[in-house]
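S.K.: Make a model of this:
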Amino acid sequence: MNARQSDYRLTVEIRQVSDAVSCIFSSLLLHRTLGKFQYKNETNFSLGSIGIEEVDCDTIDLSYVRVNSPELTMKLSENVIAFREDLDREYQSGSSRRTPVGSPSPSETAVPMICAQIGLEFYQKSPKRGIFYQTNDHATWEKWNLILDIFKVNSIDDFGRLRESVGESIGEIVLKICSQINRNQYMPKMPNKGAIGDVFETQFSDCQPYLFKVVKQPGTCGSSVTPQTLSFYKLGRMLKDVAFS
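M.R.: Numbers count the residues shown, from 1 in each chain. The predicted model follows:
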């Protein structure tokens, strides 16, 4: 199975990473989550309802909507927190620090830190049976990758400008996601009662998202990334555009 893949790139201040990832991934999960299945027999079922809630970001001038499920929210939050901790360790180790060569600073307080990637992948299980065993292969059918150019600013004014500009950038990404995610494309078929765990996550008591995993790659941007200095200039444009708007 060839998984369809979408890549997005975002320039953020280090303190905005958690809000940015949570907003984008929560928006994806909102479109990939159903209510609890209630099976009448092996093949006939009804779906429960799911609630939604609006969330205000702490570090970005932006609100977003997510599934109103404390369990799903906690699961995603655990992954986001782990990613943030990985970024700190990677940066402190010095192995992925970014120093633009020959490029002027867009702001006296802006310092390039690290480039990182985090992805949300949806998959299904394909049981394989042998004479004495049974295993499950995981077949990914959809990938959403977020590439982050991460900086740090010490100026309160600069951070205030970034709250607005990063919010606008994330809003554009979410709109693109909404236009892509509802296209007529492959989706796993609705499973029979005995195979529901091969397609949907069953651990949550109040909703059932498609099986998903968060793939964290701190300090990794892949081979298709544009030069580091271009993202540094982009941050400068973001600060200047907001300052003079």
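S.K.: mind listing what the strand or helix carrying Ser6 pairs with, with the direction of each?
M.R.: Assigned by DSSP states H and E, Ser6 falls within strand 4-13. Note on strand 4-13: by DSSP bridges, its sheet partners are strand 134-153 (parallel).
S.K.: rewinding a little: with only the CA atoms kept, save the strand holding Ser6 in CSV.
M.R.: This file holds the C-alpha atoms of strand 4-13, laid out as CSV (Å, rounded to 0.1, in the frame of the first residue of the first chain):
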residue,chain,number,x,y,z
ARG,A,4,-0.4,9.3,0.7
GLN,A,5,1.7,12.0,2.3
SER,A,6,1.4,15.7,2.9
ASP,A,7,4.3,17.9,4.1
TYR,A,8,4.0,21.3,5.7
ARG,A,9,6.7,23.7,6.9
LEU,A,10,6.4,26.1,9.7
THR,A,11,8.8,28.6,11.4
VAL,A,12,8.2,28.9,15.1
GLU,A,13,9.7,30.3,18.3
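S.K.: what's the longest helix in the chain?
M.R.: When the chain is parsed with DSSP state H, its longest helix is helix 156-181.
S.K.: which element follows that helix toward the C-terminus?
M.R.: Per DSSP H and E, the first helix or strand lying C-terminal to helix 156-181 is strand 208-209.
S.K.: State the paired neighbours of that next one in the sheet, together with their directions.
M.R.: Applying DSSP bridges to the sheet, strand 208-209 is found paired with strand 33-34 (antiparallel).
S.K.: relative to strand 4-13, how tilted is the longest helix of the chain?
M.R.: Computed by axes from the mean of the first three to the mean of the last three C-alpha atoms, to 10 degrees, the angle separating helix 156-181 from strand 4-13 equals 170 degrees.
S.K.: List the contacts of the strand holding Ser6.
M.R.: Strand 4-13 is contacted by residues 20, 24, 59, 141-153, 159, 162, 166, 169-170, 173, 176-177, 180, 185-186, 224-225, 231, 234-235, 238 when judged by C-beta atoms under 8 Å, 6 or more residues apart in numbering. Bear in mind the C-beta positions are built from the backbone N, C-alpha and C, glycine included.
S.K.: next one: the helix or strand where Val55 lies to chain centre, how far?
M.R.: Assigned by DSSP H and E, Val55 falls within strand 52-56. From the chain centre to the centre of strand 52-56 is a distance of 17 Å (C-alpha atoms, centre = their mean, to the nearest Å).
S.K.: Now do it: which elements does it pack against?
M.R.: Identification of packing neighbours for strand 52-56 by 3 or more C-beta pairs under 8 Å, 6 or more residues apart in numbering; DSSP states H and E yields helix 17-31, strand 63-67.
S.K.: Please export the C-alpha coordinates of that strand as PDB.
M.R.: In PDB, the C-alpha atoms belonging to strand 52-56 read as follows (Å, rounded to 0.1, in the frame of the first residue of the first chain):
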ATOM      1  CA  ILE A  52     -16.000  19.100  20.300                       C
ATOM      2  CA  GLU A  53     -14.400  21.900  22.300                       C
ATOM      3  CA  GLU A  54     -12.600  25.200  21.400                       C
ATOM      4  CA  VAL A  55      -9.100  25.700  22.800                       C
ATOM      5  CA  ASP A  56      -7.100  28.900  23.100                       C
END
